[in-house]
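K.L.:
Here's my sequence, what's the structure:
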Amino acid sequence: MALHLSADAVPVAAAPQKYLFGPVADFLMLGGSALLILPVLFFVPLKYEGFVGATMLLLAHLINHPHFAHSYQLFYRNFGRKVCGDGYDKNLQVRYIFAGIVVPLIMGGFFAYGSIAGNARLLGYAGNAMAFFVGWHYVKQGYGMLMVDAVLKRRFFNEQDKKVLLFNGYAVWLFAWLQTNAVITERQFWGLDYYTFAAPSWVTNIAVFAAAASTAATVVMLINRWRKHGGTLPYNGVVAYVVSLYAWILFVRINPLWLLVVPALHSLQYLAVVWRYQTNVELDRSDAVIEPEFKVLSIIGPMYRLRVLGFIIIGSVLGILGFWLVPIALSALIPYNKEVLGSSLFLFIAWIFINVHHYFLDNVMWRRGNPEVSKYLFR
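P.N.:
Presented below is the predicted three-dimensional model:
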């Protein structure tokens, strides 16, 4: 999630909402759970690592897949109106067309050509692209969470502060990405090989200096903001920003178990905002507080809660379909050169397509000036 928000994104007359769900829930969902879970993983006995790893991987799938599906549910809802520019300015209209139509066509063409040509090396480049965009996406989402919490707490950052935060995010991400490319290595993703490259040492040295310097600048800036606001900060947002950059990107390889649990934590961070957003959408309907017609459903509560639950269930089903059932069926039904491209080609395509496309969708949806974000995220 890449949120480009400021005070301008919130109606002046709107009553401030201090939390998405509450102080404890926000802390845990936006990133604080990483501070509790990740250190514990250091003390897992060796004989239990397999069980813990499998549990974490399952949890990641249960949380991670719906978070991808939710981005499609939101992005393509009323898509015709967005494409036609009905209520959207020209710039946002173009962005919706590009991310929603042009990008999937380009990616679909790339995968179709690589598959038909049996070019495993060409398809392998998509593995590098996913690694590149995932780190970038984590940075933008961590920054976005800080901006959201700053708006909720009315502790705004000025434009100079935002530049410091963004530069630091990109510097840390770039250094971490270059670290994974310190030497040429061959890796596999769903049976297809892809390669990292050997980054020159001088480039890595510049990156580590930039990351260290920008981190120091960020600390100084936050201290100054803390003093200016009377000893307060949007703490949950700061935690989200810090763990996204350092625990989930820069130091994630310290413990192999971290690699398994971080996607779930990242997704939980996203779900906090999406579920709050969708709740506000449903609360805006005229029958939001009416009890369900069927008494058996009254245990859930008013209609808005029932609809939010339906939104979550649909996202879970779409996640299972997109990541597993559809690609497995395609792999079984569509003939291709399995000796060259492996037995899981469509799983490879689906996972990379959704991961990369997700970045483009979020980069449009959560922008300042999007009328739906202004209306529903902060009410």
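K.L.:
ok, Phe79 to Ala171 distance?
P.N.:
Phe79 sits 36 Å away from Ala171, going by Cβ to Cβ, to the nearest Å. Glycine gets a C-beta too; all of them are placed from N, C-alpha and C.
K.L.:
what about the two, which has more around it?
P.N.:
Of the pair Phe79 and Ala171, Ala171 is the one with more neighbours under other Cβ atoms under 10 Å, namely 24 against 13.
K.L.:
Please look at Phe68 and Ile354 and confirm they touch.
P.N.:
Yes. With contact defined as Cβ atoms under 8 Å, Phe68 reaches Ile354; the gap is 5.3 Å.
K.L.:
Give the residues shared as contacts by those two.
P.N.:
Listed as contacting both Phe68 and Ile354 by Cβ atoms under 8 Å, 6 or more residues apart in numbering are 322-323.
K.L.:
Okay, Gln269 and Gly142: tell me how far apart.
P.N.:
8 Å.
K.L.:
ugh, typo on my part, it should be Trp173
P.N.:
In terms of Cβ to Cβ, Trp173 sits 10 Å off from Gly142.
K.L.:
Same question for Tyr336.
P.N.:
38 Å.
K.L.:
Would you mind telling me which of the two has more residues around it?
P.N.:
For the pair Tyr336 and Gly142, the greater number of neighbours falls to Gly142 (31 against 16), based on other Cβ under 10 Å.
K.L.:
Apart from its chain neighbours, what residue comes closest to the more buried one?
P.N.:
Ser244 (2.6 Å; Cβ to Cβ, 6 or more residues apart in numbering).
K.L.:
same thing with Ile37?
P.N.:
Val261 (6.3 Å).
K.L.:
need the next SSE after the helix or strand containing that neighbour, C-terminal direction.
P.N.:
Element membership of Val261, judged by DSSP states H and E, is helix 256-283. The helix or strand immediately downstream of helix 256-283 is helix 303-320, counting by DSSP H and E.
K.L.:
residue contacts, the residue nearest to Gly142?
P.N.:
Ser244 touches 31, 138-139, 141-143, 145, 266, 269, counting by Cβ under 8 Å, 6+ apart.
K.L.:
swap the cut-off to 10 Å and go again
P.N.:
Contact analysis of Ser244 by Cβ atoms under 10 Å, 6 or more residues apart in numbering lists 30-31, 34, 137-146, 169, 172-173, 262, 265-266, 269.
K.L.:
quick one: it is in a helix?
P.N.:
Yes. Per DSSP: H, G, I helix; E, B strand; the rest coil, Ser244 lies within a helix segment.
K.L.:
Next, count neighbours for Ser33.
P.N.:
Neighbours around Ser33, by other Cβ under 10 Å: 18.
K.L.:
so what's in contact with Gln269 and Gly142 at the same time?
P.N.:
1, 30-31, 240, 243-244, 248.
K.L.:
For those residues, which entry has the maximal number of neighbours?
P.N.:
Greatest neighbour count in the shared contacts of Gln269 and Gly142, by other Cβ under 10 Å, goes to Leu30: 33 neighbours.
K.L.:
Look up how far His229 lies from the closest residue to it other than its chain neighbours.
P.N.:
Take Leu30 and drop its neighbours on the chain: the residue closest to it by Cβ to Cβ, 6+ apart is Ala240, 4.1 Å away. The gap separating Ala240 from His229 is 18 Å, by Cβ to Cβ.
K.L.:
likewise Thr279?
P.N.:
According to Cβ to Cβ, Thr279 and His229 sit 28 Å apart.
K.L.:
Now do the same contact list for Met76.
P.N.:
Residue 76: Tyr, not Met. By Cβ under 10 Å, 6+ apart, the residues touching Tyr76 are 82, 96, 100, 361.
K.L.:
do the same with Ser115
P.N.:
Applying Cβ under 10 Å, 6+ apart, the residues contacting Ser115 are 122-123, 334, 336-337, 341, 345-346, 348-349.
K.L.:
If any of those residues are buried, give me the ChimeraX selection for them.
P.N.:
This is how ChimeraX selects the buried members of those, with burial counted by 16 or more other Cβ atoms under 10 Å:
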select :123,336,341,345,346,348,349
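K.L.:
quick one: which of the contacts of Ser115 is nearest to Pro45?
P.N.:
Among these, Phe348 lies closest to Pro45 (Cβ to Cβ), at 34.2 Å.
K.L.:
That closest one and Ile328 touch, don't they?
P.N.:
No. Phe348 is not in contact with Ile328 according to Cβ atoms under 10 Å; the separation is 11.9 Å.
K.L.:
Am I right that Val83 is in contact with Phe75?
P.N.:
No. Between Val83 and Phe75 there is no contact under Cβ under 10 Å: 11.5 Å.
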